[in-house]
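**Q** predicted model and sequence below, questions to follow.
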Amino acid sequence: AMTVALSFIFVLARDVRARAPSMTGPSALPRRPIRVGLAAIGLVAWLWIVAQGVAGGSSAGDVASLFLWVYGWVGMALVCALIGPAWHFLDPFSTLHDLGAAVLRRLGVSAWQPAEYPARLGRWPGVLGFAGFVWLELAMGGGGPKVLFIVLIGYTAYTLAMMAQFGRDTWRANGEVF
């Protein structure tokens with residue numbers, strides 16, 4: 001009951017819409033070395049889940065469940081509510097997109113103009129994805145490491161494709177779940 005009450009207080013007391021933080025001006029946080037470090041942490045966590053999913057094994061060290069349900073689902077929500085938009089900098093999907101774009105530029109592949117995001121979609125892709133993750137947690141008991149690995153790979157491919165189609169920031173603002 002206390003969690004639900006605090007959730008309503010957070011929603012009513014502050015603007016909780018997902019917006020990219022300002023990267024210019026004196027209030028720009030954090031500085032570039034910290035942003036790069038946070039991006040590296042997010043990417044290492046993503047790689048760790050993928051490595052465990054590929055290598056398999058069974059142990060109490062299920063990093064997919066730990067990172068998604070404990071650190072991501074609960075911890076990240078608290079950090080963002082108390083400190084600010086930490087996910088904006090930790091997001092491994094944006095980091096993968098940026099790395100992929102840099103590799104393509106190095107290979108001489110010219111950039112393409114992203115498509116216009118359909119206004120009729122609104123934020124429904126993010127809402128449906130969120131509902132899917134809630135269902136995975138509640139109806140499937142968290143899914144377990146194998147299911148979470150498959151979901152992570154599928155979600156990564158989907159997110160990267162949508163970022164390529166509509167632009168990274170446009171997709172993050174409208175369709176990205178986290």
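**A** Perfect, I can see it now.
**Q** spatially, what comes nearest to Gly143 if we skip its sequence neighbours?
**A** Closest residue to Gly143 apart from its sequence neighbours, by C-beta to C-beta, 6 or more residues apart in numbering: Leu136 at 5.1 Å. (Glycine included, C-beta is placed from N, CA and C.)
**Q** so what's the residue count around the closest residue to Gly72 other than its chain neighbours?
**A** Nearest residue to Gly72, sequence neighbours excluded (C-beta to C-beta, 6+ apart): Phe178, at 7.1 Å. By other C-beta atoms under 10 Å, the residues close to Phe178 number 20.
**Q** my read: Phe178 touches Asp91, true?
**A** Yes: counting by C-beta atoms under 8 Å, Asp91 is a contact partner of Phe178 at 7.0 Å.
**Q** contact partners for Val63?
**A** Ala45, Trp48, Ile49, Gln52, Pro145 (C-beta atoms under 8 Å, 6 or more residues apart in numbering).
**Q** switch the cut-off to 7 Å
**A** Trp48, Ile49, Gln52 (C-beta atoms under 7 Å, 6 or more residues apart in numbering).
**Q** what is the nearest of those residues to Pro30?
**A** Trp48 (22.9 Å; C-beta to C-beta).
**Q** so how far is Leu68 from that closest one?
**A** Trp48 sits 12 Å away from Leu68, going by C-beta to C-beta, to the nearest Å.
**Q** may I ask which of the contacts of Val63 has the most neighbours?
**A** Ile49 (23 neighbours).
**Q** what residue of this protein is the furthest out?
**A** For the chain, the largest distance from the centre (C-alpha atoms, centre = their mean) belongs to Gly108, which lies 28.4 Å off.
**Q** assign a three-state SS to that residue, would you?
**A** coil (DSSP: H, G, I helix; E, B strand; the rest coil).
**Q** for it, phi and psi?
**A** Dihedral pair for Gly108: phi 90, psi 10, per degrees, to the nearest 10.
**Q** cool, the one 3 residues further on as well?
**A** Comment: the main-chain dihedrals of Ala111 come out as phi -70, psi 150, following degrees, to the nearest 10.
**Q** neighbours of Gly141, just the number please.
**A** 9.
**Q** where along this structure do the helices fall?
**A** Using DSSP state H, the helices of the chain run over 2-13, 32-55, 63-65, 76-82, 87-90, 92-106, 124-138, 144-166, 168-174.
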